[in-house]
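A.B. asks: Quick one, what's the 3D model for this:
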Amino acid sequence: MDILALDLGTSSVRGLVLDERTEPVPGALARRKMRLAVGNDGTGTLDGPGYLACLVECLDELQAGGHLRDVGLVAVSAQWHSVLPLDAAGEPLGPVLTWLDTRPEPPAGRSGPADPDAFHQRTGAWWHRCYWTARLPWLRARTPVARFVGLAEYALGALLGAVPMSVSQASGTGLLDLRALDWDAEACELAGVRAGELPALAPAGWRGRLSPEFARRWPGLAGAAWSEPVGDGAASNVGSGCVDPRRAAVTVGTSAAVRLIQRAPAGVPLPPLPERLWRYRVDHDHVVTGAAYSSGGNLFAWAKRELRLPEGAELDAALDRVPVDAGVPADPRFGGDRPPGLAPAGSGKLHGLTFSTTSVEMLAGLMAGVCARVAGDLAEIESTVEHPVEVVLGGGAVTASAWWRRAFAAALAPRTVGHQPNPEIGATGAALVALGRLAEAADLTGISRTDDRRSPWPAGGSRP
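C.D. replies: Got it, this is the predicted structure:
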């Protein structure tokens, strides 16, 4: 049986087919880039119908290539925190607010949780613009909303019919009681949300099926079971082989994050949560604790474009001449803070520029700035397990830059730091969760030294 893995990301939507060992089937990959609308006012949105159309195109491409004929299971990795307001007919009333949108604020004159620390321990979140506690009132003040969904529920609902929200996706809203696995009453009150305005929560082991219309369109998927979506950060941890307290994952894709997974079945008391860290659900049996940053690969892409940096091997060679601790001092918060921080978009800075400062030194400073923020929060994560952890780097941006991997290794020393070069860690992780094989991820092969310059797997091919 093959597995179709869908990655509903911020910068792209992808579909790829994996074999029963969760290894990529050669050539069975379809990808569409997404245009994220950003603005100086903190806007960070996606067009919902346009996103759905790109997902359909990916599946059309895979069907036309004959890649769906043996698929028995569909696994989904999807971005956390997104929200889309719908009317009574289920049609979008505006764009999708992504994690990058910093415009929502808690309503003026309203107080927050009665006990902020207890609220944080219970939901893993804060009363913050990133979460639905602040986003839903902000959206309701602008449009007559009938109900709210995330991007995953909108896209999958169009293909399968009404779908519930996984506990993993629900945990990213900031409205879920992580222990009880139900909507938190106080969080819903803060959000001003009424009965019927939130999606139903998926039970453990939920499976969906394509609607008759799309089953006819993609006959290879007509009999396939669809698994509940996994939050993209949790899926990346699993795909990186970081599924227990021995290893933390540092992932740099469009954004960046550092995370650690612990076993925590429903109803069992959760480990204490440090004030600076968030906590979400991987599934009904595991939580993931960490910190995230609005700058990652998007920062690298901005610098390459605006600083007119060289390409490919020429840029690698130029970075090689800059020691990992010798870049321009920088604050990489171009997109503002992720929770619990409140810095707005446009908070990035470069310090100490002179007439001899080069564009490559500016880039190196920005990249090193991300490393420093990760190092500080990793120390907080280690306090939850009371021992140092190994670190595995992953994600497209860090895979593309040997210099960035060396900079992370230096910033995170003396910890052991490795690199998982699989370009599809999110899709691989979602497949392992859907198959009930999360624990097997600890034995994933392919983790290499941070100074390796090439992935051991051919582009578009499978692992040896």
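
A.B. asks: pull the longest strand from this protein.
C.D. replies: Ranked by number of residues, the top strand in the chain under DSSP state E is strand 24-33.

A.B. asks: Next, count neighbours for residue 355.
C.D. replies: Neighbour count for residue 355, taken as other CB atoms under 10 Å: 4. Just so you know, the C-beta spots here come from the backbone N, C-alpha and C atoms, and that holds for glycine as well.

A.B. asks: next one: residue 265
C.D. replies: So residue 265, with other CB under 10 Å, has 12 neighbours.

A.B. asks: got a list of what it touches?
C.D. replies: 284-285 (CB atoms under 8 Å, 6 or more residues apart in numbering).

A.B. asks: again with the one 4 residues further on
C.D. replies: Residues counted as contacts of residue 269 (CB under 8 Å, 6+ apart) are residue 179.

A.B. asks: so it sits in a helix?
C.D. replies: No. Counting by DSSP: H, G, I helix; E, B strand; the rest coil, residue 269 falls outside a helix, being coil.

A.B. asks: correct me, but residue 15 touches residue 8?
C.D. replies: No. Using CB atoms under 8 Å, residue 15 is not in contact with residue 8, being 9.7 Å away.

A.B. asks: Mind listing the shared neighbours of these two?
C.D. replies: residue 55.

A.B. asks: For the stretch 301-450 of the chain, just list every one of the helices.
C.D. replies: Taking DSSP state H, counting those that start in this stretch, the helices of the stretch 301-450 of the chain run over residues 312-320, 359-382, 396-399, 402-412, 425-434.

A.B. asks: what residue ranges in the stretch 301-450 of the chain score low on pLDDT?
C.D. replies: 445 (pLDDT under 70).

A.B. asks: returning to that earlier point: skip ahead from the longest strand of the chain and say which helix or strand is next.
C.D. replies: Going down the chain from strand 24-33, the next helix or strand is strand 37-38, by DSSP states H and E.

A.B. asks: Phi and psi next, for the residue of the chain most remote from its centre.
C.D. replies: Relative to the centre of the chain, and counting by CA atoms, centre = their mean, the farthest-placed residue is residue 355 at 38.5 Å. Here is the backbone geometry of residue 355 (degrees, to the nearest 10): phi -70, psi -10.

A.B. asks: can you pull the contacts of the nearest residue to residue 46 once chain neighbours are set aside?
C.D. replies: For residue 46, ignoring the flanking residues on the chain, the nearest one in space by CB to CB, 6 or more residues apart in numbering is residue 96 at 4.4 Å. Taking CB under 8 Å, 6+ apart as the criterion, residue 96 is in contact with 45-48, 51, 82-84, 151, 154.

A.B. asks: Go again with 10 Å.
C.D. replies: Shown in contact with residue 96 (CB atoms under 10 Å, 6 or more residues apart in numbering): 10, 36-37, 44-51, 79, 82-85, 149-151, 154-155.

A.B. asks: In helices, which of the residues you listed appear?
C.D. replies: The helices, defined by DSSP state H, take in 48-51, 151, 154-155 from those.

A.B. asks: Can I get the buried part of these as one ChimeraX selection?
C.D. replies: With 16 or more other CB atoms under 10 Å as the criterion, this ChimeraX line picks the buried residues out of the ones in helices among the contacts of residue 96:
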select :48,51,151,154,155
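
A.B. asks: Format the ones in helices among the contacts of residue 96 as JSON lines; extra columns: pLDDT and distance to residue 343.
C.D. replies: Converted to JSON lines, the ones in helices among the contacts of residue 96 look like this (pLDDT from 0 to 100; distance: CB to CB, whole Å):
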{"residue": "48", "pLDDT": "97", "distance to residue 343": "28"}
{"residue": "49", "pLDDT": "97", "distance to residue 343": "32"}
{"residue": "50", "pLDDT": "98", "distance to residue 343": "30"}
{"residue": "51", "pLDDT": "98", "distance to residue 343": "28"}
{"residue": "151", "pLDDT": "98", "distance to residue 343": "25"}
{"residue": "154", "pLDDT": "98", "distance to residue 343": "30"}
{"residue": "155", "pLDDT": "97", "distance to residue 343": "31"}
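
A.B. asks: Residue 115: which of the ones in helices among the contacts of residue 96 is nearest?
C.D. replies: residue 151 (31.5 Å; CB to CB).

A.B. asks: and the residue nearest to residue 139 when sequence neighbours are not counted, how far is that from residue 129?
C.D. replies: The shortest distance from residue 139 to any non-neighbouring residue, by CB to CB, 6+ apart, is to residue 85 (4.9 Å). Residue 85 sits 16 Å away from residue 129, going by CB to CB, to the nearest Å.

A.B. asks: There's contact between residue 88 and residue 146 in this structure, I believe.
C.D. replies: Yes. Assessed by CB atoms under 10 Å, residue 88 is found in contact with residue 146 at 4.3 Å.

A.B. asks: how many other residues sit next to residue 115?
C.D. replies: As a measure of burial, residue 115 has 11 neighbours, counting by other CB under 10 Å.

A.B. asks: picking up where we left off before, higher neighbour count, residue 88 and residue 146?
C.D. replies: When residue 88 is set against residue 146 and neighbours are counted by other CB under 10 Å, the residue ahead is residue 146, at 15 against 9.

A.B. asks: so what's that one up against?
C.D. replies: Residue 146 makes contact with 85-91, 93, 196-197, according to CB under 10 Å, 6+ apart.
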